[in-house]
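K.L.:
have a look at this prediction, sequence included:
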Amino acid sequence: MKKSYILTLVIVLVLSLGLTGAAFAQEEAPTEEPPISTIEGVVIAVDEEAGTVDILQEDGTIVTVAIPEGDYDHPITALLAEYFGGAGLEDYVLALEALEMDGSVVVAVEEGTDEAGNPIWEATLADGSIVQLDDADTAQALLDALEVAAVDLTVTDNEGVLTAEDIGEQIEEYRAMGIGYGELVKIYAIAAESQEACAAEAEDEVAEQTEDGAAEDANTANTGDAAPVIEEPCGVTVDELVAMLLNGADMGELFRLFGKPALLGVGHVRQALDGTADTAAGDGSTGVCNARSRGGKASANGQDITCP
């Protein structure tokens, strides 16, 4: 009996140690977040069955990105995701139909003049060839399609599969935090207008430096100093605005800091999608510029914005 008891005790101890070790390993195993990055380029192919697009990047490499299907439980989530989430697979398909040319896809259009001073356009294709255009309507149609096909996507790398950010999923997460749909419309609109204003400011800085380029080049040659570096476009983000609300700020304070946006509610988003929205806010200016017009700080991420 003693031998049997001892054997049973040993077995129990071994099993206990094994389970404890397994549990300890599970507790200690770090949970890594999937890496997030940005993909910029032009959509050159769509696989509707797989739900993916191929994107030609500036360096010539092609990456495949999965586009979320957008199947949401609440119709308002779907509505906001459609507006703030950008293009979907069907939009890319239509854009590519307009961009097909000479067995390839147009990835850029540049305007110039011929020897006689007449306007001409050059369409660069995905295969590297260039096609001359002399029809303004054709050039404009290509530019309109490129507005959709040219993408700047935030993607998550899920075990080697790049997946575009799902705005609807993000909206549902914010809703779970207690942020209402009306507040989310304002937050997304403020962020978009703020970033647009900052991007315009950065373009103005580039233009100013271009005008003074000769003098700057001469100074650099004489002194060896590096040319001034343009900072990344500023702009408050959705995450930052949500954090401000969760930390006690109200919408009035956000308006004072960043301006009242053009879209103020779900109804405005629905009208915008229908093409019937009057998106003028306040005195007609939007974003951070509207804040300045009412005496606000008129800044985004701490950088002043030049308004008309």
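P.N.:
Okay, I see it.
K.L.:
what's the first helix or strand after the helix or strand in which residue 92 is found?
P.N.:
Under the criterion of DSSP states H and E, residue 92 resides in helix 89-99. Of the helices and strands lying after helix 89-99 in sequence (DSSP H and E), the nearest is strand 100-101.
K.L.:
which residues touch that next one?
P.N.:
If you take C-beta atoms under 8 Å, 6 or more residues apart in numbering as the criterion, strand 100-101 is touched by 106, 123, 125, 131. (Glycine included, C-beta is placed from N, CA and C.)
K.L.:
rerun that using 7 Å as the cut-off
P.N.:
Counting by C-beta atoms under 7 Å, 6 or more residues apart in numbering, the neighbours of strand 100-101 from elsewhere in the structure are 123, 125, 131.
K.L.:
can I get these in CSV with neighbour count?
P.N.:
Converted to CSV, the contacts of strand 100-101 look like this (neighbours: other C-beta atoms under 10 Å):
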residue, neighbour count
123, 23
125, 19
131, 15
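K.L.:
any weak-confidence spans in the stretch 151-300 of the chain?
P.N.:
Scanning the stretch 151-300 of the chain for pLDDT under 70 picks out the ranges 199-234, 276-300.
K.L.:
one more time with 50, if that's ok
P.N.:
Confidence mapping of the stretch 151-300 of the chain against pLDDT under 50 gives the ranges 214, 218, 220-233, 279-286, 288, 290-300.
K.L.:
how far away is the residue lying closest to residue 241 once chain neighbours are set aside from residue 175?
P.N.:
For residue 241, ignoring the flanking residues on the chain, the nearest one in space by C-beta to C-beta, 6 or more residues apart in numbering is residue 187 at 4.6 Å. In this structure, residue 187 lies at 12 Å from residue 175, with C-beta to C-beta, to the nearest Å as the measure.
K.L.:
more crowded one of the two?
P.N.:
Between residue 187 and residue 175, counted using other C-beta atoms under 10 Å, residue 187 has the larger neighbour count: 27 against 16.
K.L.:
the more buried one reaches residue 240, doesn't it?
P.N.:
No: taking C-beta atoms under 7 Å as the contact criterion, residue 187 and residue 240 are not neighbours in contact, 9.5 Å apart.
K.L.:
contacts for stretch 158-168, please.
P.N.:
By C-beta under 7 Å, 6+ apart, stretch 158-168 touches 34, 39, 63-68, 70, 72, 77-78, 81, 84-85, 153-156.
K.L.:
make that stretch 72-90, sorry
P.N.:
Defining contact as C-beta under 7 Å, 6+ apart, one finds that stretch 72-90 is touched by 46, 48, 51, 67, 70, 148, 167-168, 171-172, 181, 184-185, 188, 266, 269-270, 272-273.
K.L.:
okay, and which of the contacts of stretch 158-168 map to helices?
P.N.:
Judged by DSSP state H, the subset of those located in helices is 77-78, 81, 84.
K.L.:
relative to residue 197, which of those residues is nearest.
P.N.:
Relative to residue 197, the closest of the ones in helices among the contacts of stretch 158-168 is residue 84; by C-beta to C-beta it sits at 17.1 Å.
K.L.:
what's the neighbour count on that closest one?
P.N.:
For residue 84, the neighbour count with other C-beta under 10 Å is 21.
K.L.:
now it: how far from residue 109?
P.N.:
Distance check for residue 84 against residue 109: by C-beta to C-beta, it reads 27 Å.
K.L.:
ok, residue 185 next?
P.N.:
Taken as C-beta to C-beta, the spacing of residue 185 relative to residue 109 amounts to 33 Å.
K.L.:
pairing partners for the lengthiest strand in the chain, with directions?
P.N.:
In terms of residue count, the longest strand belonging to the chain (DSSP state E) is strand 36-47. Sheet pairing for strand 36-47, assigned by DSSP bridges, gives strand 52-56 (antiparallel), strand 150-158 (antiparallel).
K.L.:
cool, thanks, signing off.
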